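Novice: here is a sequence together with a model predicted from it:
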Amino acid sequence: MTELNQTDLQTLVTGNKRAWDRFVTAAAPLINAVVRRTMSSYRLGEDDVLDAAQDVFVRLCAGDFRLLKTYDPARAGLSTWLAVVARSAAVDHLRRRRQATEPLDDVPESALGVEDKHVEKLQIPQGLLTERQTLILKCLYDEERDVSEVAVLLKIDAQTVRSTHHKALLRLRAHFGEEPP
Amino acid sequence: MSTERVSRTDKELWRSIAPERGVAPEAVSDIDFAAWLEGRLPEAAAARIEAAVGADPALRRAALDLADILGKPLPAAPARLAVRAQALVGFDAERETGRSGGWFGRLFASGPLFALQRAAMIAMVVVVAGAGFVMGGGLGDSFAQQRYGSDVQGASSTTTTTTSSELSDFFVSDGI
């Protein structure tokens, strides 16, 4: 990852073959990991994963490196930006593949799931919770992630996640008149 | 990784609450999303991204997956992936950039060994061409001899015969 973040972008976007080869060597593990994770819930073969990863590199160098030229090193690290681009490309690849033909068995249940709209639910008034509190509750309950995973995502320690979660629930209970457990 | 889970009653409360109505997920650019993942955004900008991530389950899953991947050592990629990707950018682009230095610039752009090879090739061409010219000249002479040699001999014998008969006629006419 360090090697990737030290890429000489100015040389790379001129189309220099050696710079491109070095960049590919440094970026391939990250792009491979992101594409594999994105496609992991679909039962796809190795060739599909490699094709999706190749799509990422095609996007990066297409149109005289137009996409790479949009990257701003002052705003984010190259590895993080590349991971985001790789994820988007993999999702697009899956979408195109699904549009072509795909047996229903190959689509994960989460993609087919429909929320039951008939259940009466309480509404959270706007402004009751902060954006961060809402996000933490959604990660913990809707995504069923651990406190440590949410802490890694938000670059805060696990104790801060726990206290934010606790304060959010106190507010919700106070608003809906519920007693703490 | 911790396996700690929050209490079930909290979860039940959350499940009984619907997400806020009328909040459409805001579009987030790749660079803004990356900056947020790195914790580089100021509070107001981060809150905007957090609202979008909270409202869009796909974006939320993406954020959690990417944060996990970026925080761990990465396994090596298959060699085929790198080979295919490297083939996307060929030598043509590099050749274009080397064209600015003229003939000598291009000759030495790829290193002295390349220039030496080129010089050896040129010397070889000169030697072959020279040898061909010399051999071609020699063949030309022999061809000319074969083609015209008999006529020249014939012409010289005719001249000698004519001259001798003229001399005989001169001496005969003088009574010698």
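Specialist: Good, I have the coordinates.
Novice: with only the CA atoms kept, save the helix or strand hosting A:Lys167 in CSV.
Specialist: Taking DSSP states H and E as the definition, A:Lys167 sits inside helix A:158-176. Coordinates of each C-alpha in helix A:158-176 appear next as CSV, following Å, rounded to 0.1, in the frame of the first residue of the first chain:
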residue,chain,number,x,y,z
ALA,A,158,-14.6,1.2,20.3
GLN,A,159,-15.5,3.0,23.5
THR,A,160,-16.6,6.1,21.6
VAL,A,161,-18.8,3.9,19.4
ARG,A,162,-20.4,2.3,22.6
SER,A,163,-21.0,5.7,24.2
THR,A,164,-22.5,7.2,21.0
HIS,A,165,-24.8,4.1,20.7
HIS,A,166,-25.8,4.4,24.3
LYS,A,167,-26.7,8.2,24.0
ALA,A,168,-28.6,7.5,20.8
LEU,A,169,-30.7,4.8,22.5
LEU,A,170,-31.4,7.0,25.5
ARG,A,171,-32.7,9.7,23.2
LEU,A,172,-34.9,7.2,21.3
ARG,A,173,-36.3,5.7,24.5
ALA,A,174,-37.0,9.2,26.0
HIS,A,175,-38.8,10.2,22.8
PHE,A,176,-40.9,7.1,22.5
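Novice: now do the buried residues in it.
Specialist: Neighbour-count burial for helix A:158-176, with 16 or more other Cβ atoms under 10 Å in any protein chain shown as criterion, is recorded at A:158, A:161-162, A:164-165, A:168-169, A:172-173. Using the backbone N, CA and C atoms, a C-beta is placed for each residue, glycine as well.
Novice: and for stretch B:28-47?
Specialist: Under 16+ other Cβ under 10 Å, the buried positions of stretch B:28-47 are B:28, B:30-38, B:40-41, B:46.
Novice: could you dump those to JSON lines with pLDDT, secondary structure and distance to A:Val85?
Specialist: Listed next are these as JSON lines, based on pLDDT from 0 to 100; DSSP: H, G, I helix; E, B strand; the rest coil; distance: Cβ to Cβ, whole Å:
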{"residue": "B:Val28", "pLDDT": "90", "secondary structure": "coil", "distance to A:Val85": "13"}
{"residue": "B:Asp30", "pLDDT": "93", "secondary structure": "helix", "distance to A:Val85": "6"}
{"residue": "B:Ile31", "pLDDT": "94", "secondary structure": "helix", "distance to A:Val85": "10"}
{"residue": "B:Asp32", "pLDDT": "94", "secondary structure": "helix", "distance to A:Val85": "13"}
{"residue": "B:Phe33", "pLDDT": "95", "secondary structure": "helix", "distance to A:Val85": "10"}
{"residue": "B:Ala34", "pLDDT": "96", "secondary structure": "helix", "distance to A:Val85": "9"}
{"residue": "B:Ala35", "pLDDT": "96", "secondary structure": "helix", "distance to A:Val85": "14"}
{"residue": "B:Trp36", "pLDDT": "95", "secondary structure": "helix", "distance to A:Val85": "15"}
{"residue": "B:Leu37", "pLDDT": "95", "secondary structure": "helix", "distance to A:Val85": "12"}
{"residue": "B:Glu38", "pLDDT": "94", "secondary structure": "coil", "distance to A:Val85": "15"}
{"residue": "B:Arg40", "pLDDT": "92", "secondary structure": "coil", "distance to A:Val85": "17"}
{"residue": "B:Leu41", "pLDDT": "92", "secondary structure": "coil", "distance to A:Val85": "18"}
{"residue": "B:Ala46", "pLDDT": "92", "secondary structure": "helix", "distance to A:Val85": "21"}
